[in-house]
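Engineer: Turn this into a structure:
(one chain, ligands or ions: 5)
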Amino acid sequence: MRTVVFLIVLAVVWQLVFRAPLAGPIYEETAKEKIAIIGAGAGGSSSAYYLQRYSNHSYDITVFEKNFYIGGRSTTINVHDDPRWPVEVGASVFVKVNFNLAAAAREFGLNVQSYDVGKVRGKDGLAIEELFGIWDGMKFVFTASSESSWKSTIKLLYKYGTAPLRAHLLAEKASASFLAFYSQDDFPFVNLTEISRSRDLTNITSETTFDYCTGHGLSARYVNDIVQAATIVNYAQNVKQIHALGGFVCLAVDEALEIEGGNWQIFEKMLQKSGATVRLGTSVSEIDTSTKSSGKWKISIADSDKVEEFDQVIIAAPYYQTGIGGVPLRIKDASYMTLYVTLFTSTKRLSSTYFGLKPGVPVPTMICTTLADDDLAGSHTRPWFNSISIIRYIPERKEYVYKIFSPSRISPEFLQLIFDKGAEFNWVYEKIWNAYPRLDPISDFSDWKVDNDGIWYLNSIEQFISTMETSSLAGANVAALIVGANNKTVVSVP
Ligand SMILES: Cc1cc2nc3c(=O)[nH]c(=O)nc-3n(C[C@H](O)[C@H](O)[C@H](O)COP(=O)(O)OP(=O)(O)OC[C@H]3O[C@@H](n4cnc5c(N)ncnc54)[C@H](O)[C@@H]3O)c2cc1C
Ligand SMILES: *[C@@H]1O[C@H](CO)[C@@H](O)[C@H](O)[C@H]1NC(C)=O
Ligand SMILES: *[C@@H]1O[C@H](CO)[C@@H](O)[C@H](O)[C@H]1NC(C)=O
Ligand SMILES: *[C@@H]1O[C@H](CO)[C@@H](O)[C@H](O)[C@H]1NC(C)=O
Ligand SMILES: *[C@@H]1O[C@H](CO)[C@@H](O)[C@H](O)[C@H]1NC(C)=O
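Structural biologist: Residues are numbered from 1 along each chain as shown. Ligands and ions are numbered 1, 2, ... in the order given. Next up, the predicted model:
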């Protein structure tokens with residue numbers, strides 16, 4: 001008798017402790033599907049935002065972010081640590097046809113302002129002449145003043161004939177093909193490789209910028225001087241290496257825009273709107289793929305014993321930089337360009353002498369670079385920097401804020417060299433990025449689906465085009481595939 005009672009009690013306890021919390025049909029019905037997103041940059045934030053928008057908030061989303069801030073490569077810092085003077089260290093501009101970013105900025109009431117390359121903004125209280133120059137390490141191969149744009153245009157036409165116009169038309173055509181991705185016909189797309197082919201973009205991604213442009217009648221001189229200055233400043237790569245779609249993206253920055261106070265705010269607002277739990281300073285160290293059979297993915301957090309379960313996982317960071325261990329996932333490797341971004345302030349302008357100009361002749365406020373000799377393409381021994389520009393002026397301190405992009409560290413000696421003696425640098429900041437992938441010609445892209453049971457990868461899109469907008473589009477696209485709805489009014493991009 002006592003044994004029977006004991007057994008009954010044991011059975012009840014067993015049910016209560018071990019079974020009930022797991023089984024209960026009521027629990028199953030009300031529980032939302034759990035989705036983990038790794039990375040709170042443009043891609044991860046967009047996936048969270050669009051998942052909830054497409055499903056009327058029917059997911060339970062957790063975003064893991066290694067950094068202590070939202071934005072990833074959209075990073076804003078303050079000059080002299082003063083919030084009055086924010087500047088972008090990573091992604092600085094987008095364009096009008098970046099529909100996702102533009103629509104999000106509108107929805108969130110963020111102020112979009114135009115970003116003029118090399119311009120010291122009028123509101124900063126100093127009108128210095130904006131000058132643009134392309135430096136080959138020994139001389140300026142091209143200079144232009146944006147204050148007299150007709151003069152610059154004539155100069156360009158005189159030197160390069162119709163090449164600038166034809167380059168513009170080629171870039172426009174590529175842009176139009178890409179914009180079809182947003183249409184109801186194309187969005188969401190299951191297979192980037194196939195859609196790129198069907199929209200005739202693979203012809204462009206599978207050739208170098210140099211080959212494609214010269215093959216379409218542009219002079220080698222123009223491609224080396226002008227197009228290359230654009231590919232170097234935007235992607236730290238030269239025209240004989242970077243694919244032509246990457247090259248055209250660099251030419252398409254006519255009307256550059258930025259969010260006042262920092263572009264990262266778009267992604268912060270997207271996450272807020274999604275209601276996702278955002279775990280900053282939390283690095284995912286492993287996705288346990290052996291638990292697949294249970295229908296759940298186990299995620300481990302670095303420096304913690306914590307293991308958490310999710311129904312689906314979206315990897316929204318370049319996989320081979322995430323440090324995620326365990327069984328490697330089926331994702332093609334991509335090598336990223338190391339880029340040094342050096343920001344500093346000085347009351348002085350760059351040295352005219354260093355740049356081969358007569359004393360007193362102002363050095364361009366925006367200097368891009370190209371390679372002196374065609375044969376040097378690839379070695380990148382000279383110049384030592386990709387670009388130098390004045391990005392703002394601080395009247396209160398009478399200081400210019402400079403930004404240098406370079407393939408290696410900018411030493412104090414180098415700074416002394418490019419300024420005249422006695423120049424002081426009051427505030428210096430350095431950030432080393434794995435900035436963007438090497439955009440070698442390519443025709444096959446990794447699939448979004450890393451595993452059929454719910455592991456997704458966004459960043460293969462970077463080898464196609466690496467921008468905030470394309471990462472956002474990848475996030476929206478994967479969100480649409482996960483939701484699986486077929487009402488095109490609901491599942492659409494702006
Ligand atoms: C200097 C520079 C200039 C650029 N200029 C422009 C520009 O003008 N316009 C433009 O559109 N694009 C520009 N880009 C490119 C643009 O920044 C990127 O294409 C875009 O921001 C990528 O977004 P993402 O979300 O895919 O990746 P990321 O922004 O890199 O986000 C990935 C996030 O994942 C996090 N993460 C990584 N591993 C883990 C882990 N294990 N656990 C948790 N979190 C993890 C990272 O900390 C990061 O925050 C620039 C990039 C650089 C570096
Ligand atoms: C979205 O969900 C809310 C709350 O669950 C509900 O009231 C609303 O009707 C839903 N909207 C749509 C379009 O399904
Ligand atoms: C995507 O398309 C390519 C080319 O047709 C094909 O090789 C690949 O298997 C496709 N991937 C998926 C997931 O369908
Ligand atoms: C792309 O390349 C294919 C094969 O080389 C060719 O048939 C097609 O016409 C090309 N399309 C464009 C738009 O150049
Ligand atoms: C699609 O969704 C929109 C917006 O919720 C709705 O007005 C429309 O009726 C839906 N269409 C179909 C075919 O369900």
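Engineer: And the residue nearest to Gly475 when sequence neighbours are not counted, how close does it get to Gln272?
Structural biologist: Residue nearest to Gly475 in three dimensions, not counting chain neighbours: Ser46, with 3.0 Å by CB to CB, 6 or more residues apart in numbering. Where you see a C-beta, it was placed from the backbone N, CA and C, and this is true even at glycine. Remark: distance between Ser46 and Gln272 (CB to CB, to the nearest Å) = 13 Å.
Engineer: okay, those two: which has more neighbours?
Structural biologist: Between Ser46 and Gln272, counting by other CB atoms under 10 Å, Ser46 is the more crowded of the two (33 against 15).
Engineer: Next, the residue nearest to Pro494 when sequence neighbours are not counted: phi, psi?
Structural biologist: Excluding the flanking residues, the one nearest Pro494 by CB to CB, 6+ apart is Ala103, at 3.6 Å. Per-residue torsions, Ala103: phi -70, psi -40 (degrees, to the nearest 10).
Engineer: now swap in Ile394 and tell me
Structural biologist: The phi and psi values for Ile394, taken as degrees, to the nearest 10, are phi -110, psi 100.
Engineer: So what pairs up with it in the strands?
Structural biologist: Ile394 has these beta-bridge partners by DSSP bridges: Glu399.
Engineer: close enough to count as contact, it and Trp427?
Structural biologist: No: assessed by CB atoms under 8 Å, Ile394 is found out of contact with Trp427, at 9.7 Å.
Engineer: Which of the helices or strands spans the residue of the stretch 101-250 of the chain found nearest ligand 1?
Structural biologist: For the stretch 101-250 of the chain, the residue closest to ligand 1 is Asn234, as judged by CB to the nearest ligand atom, at 6.9 Å. Using DSSP states H and E, Asn234 falls within helix 228-235.
Engineer: Pull out the buried positions in that helix.
Structural biologist: Neighbour-count burial for helix 228-235, with 16 or more other CB atoms under 10 Å as criterion, is recorded at Gln228, Ala229, Ala230, Thr231, Ile232, Val233, Asn234, Tyr235.
Engineer: so how far is Leu371 from the fifth one?
Structural biologist: What that stands for is Ile232. Relative to Leu371, Ile232 is positioned 8 Å away (CB to CB).
Engineer: OK, contacts around Val239?
Structural biologist: By CB atoms under 8 Å, 6 or more residues apart in numbering, the contact set of Val239 is Thr208, Thr209, Phe210, Cys213, Val223, Asn224, Val227, Gln228, Thr231, Gly247, Ala377.
Engineer: Over to Pro437?
Structural biologist: Pro437 sits next to Pro318, Ala334, Ser335, Tyr336, Met337, Glu462, Gln463, Ser466 when contact means CB under 8 Å, 6+ apart.
Engineer: mind running it again at 7 Å?
Structural biologist: Shown in contact with Pro437 (CB atoms under 7 Å, 6 or more residues apart in numbering): Ala334, Ser335, Tyr336, Glu462, Gln463, Ser466.
Engineer: looking at this, the first one is in a strand?
Structural biologist: No: Ala334 sits outside any strand when classified using DSSP: H, G, I helix; E, B strand; the rest coil, being coil.
Engineer: tally of neighbours for the residue of the stretch 301-450 of the chain found nearest ligand 3?
Structural biologist: Nearest residue of the stretch 301-450 of the chain to ligand 3, counting by CB to the nearest ligand atom: Asp447, 4.2 Å away. A total of 16 residues lie near Asp447 under the criterion other CB under 10 Å.
Engineer: Before we move on, what's the pLDDT of the residue nearest to it when sequence neighbours are not counted?
Structural biologist: Among residues not flanking Asp447 along the chain, Asn191 sits closest, at 6.8 Å (CB to CB, 6+ apart). pLDDT recorded at Asn191 is 94.
Engineer: Asn191: neighbouring residues, count only.
Structural biologist: Using other CB under 10 Å, Asn191 is surrounded by 13 other residues.
Engineer: quick one on the thing from earlier: distance of the residue of the stretch 301-450 of the chain closest to ligand 3 relative to Ser74?
Structural biologist: Note on Asp447: its distance to Ser74, by CB to CB, is 26 Å.
Engineer: same question, Pro364
Structural biologist: In terms of CB to CB, Pro364 sits 27 Å off from Ser74.
Engineer: One more: Ala31?
Structural biologist: Distance of Ala31 to Ser74, computed by CB to CB: 33 Å.
Engineer: neighbour-wise, which of these two wins?
Structural biologist: The residue with more neighbours, out of Ala31 and Ser74, is Ser74; 26 against 11, by other CB under 10 Å.
Engineer: Nearest residue to Glu258 in space, ignoring adjacent ones along the chain?
Structural biologist: Excluding the flanking residues, the one nearest Glu258 by CB to CB, 6+ apart is Tyr115, at 4.4 Å.
Engineer: From what I see, that neighbour and Ala91 are in contact.
Structural biologist: No: using CB atoms under 7 Å, Tyr115 is not in contact with Ala91, being 11.4 Å away.
Engineer: Counting neighbours, what do you get for Ile461?
Structural biologist: The local packing of Ile461 (other CB under 10 Å) involves 23 other residues.
Engineer: Which of the three states applies to it?
Structural biologist: Under three-state DSSP, Ile461 comes out as helix.
Engineer: Now Val363: closest residue in space, sequence neighbours ignored.
Structural biologist: Per CB to CB, 6+ apart, closest to Val363 is Leu350, 4.0 Å.
Engineer: Now do the same contact list for the one you found.
Structural biologist: Neighbouring residues of Leu350 by CB under 7 Å, 6+ apart: Val363, Ile418, Phe419.
Engineer: would TSV of those with neighbour count and secondary structure be doable?
Structural biologist: Shown next, in TSV, are these (neighbours: other CB atoms under 10 Å; DSSP: H, G, I helix; E, B strand; the rest coil):
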residue	neighbour count	secondary structure
Val363	23	coil
Ile418	20	helix
Phe419	19	coil
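Engineer: Closest one of the residues you listed to Ile324?
Structural biologist: Nearest to Ile324 among the contacts of Leu350: Ile418, at 40.8 Å, using CB to CB.
Engineer: For the closest one, give its distance to Lys155.
Structural biologist: Using CB to CB, we find Ile418 at a distance of 25 Å from Lys155.
Engineer: what does Pro362 give?
Structural biologist: According to CB to CB, Pro362 and Lys155 sit 17 Å apart.
Engineer: do Val307 as well
Structural biologist: Distance, Val307 to Lys155, using CB to CB: 63 Å.
Engineer: So between these two, which is more surrounded?
Structural biologist: Lys155 (15 against 12).
Engineer: So the more buried one, which state does it fall into?
Structural biologist: helix.
Engineer: So which bits of the stretch 101-250 of the chain are right by ligand 3?
Structural biologist: Listed as neighbours of ligand 3 in the stretch 101-250 of the chain under the rule CB under 6 Å from any ligand atom: Asn191, Thr193, Glu194.
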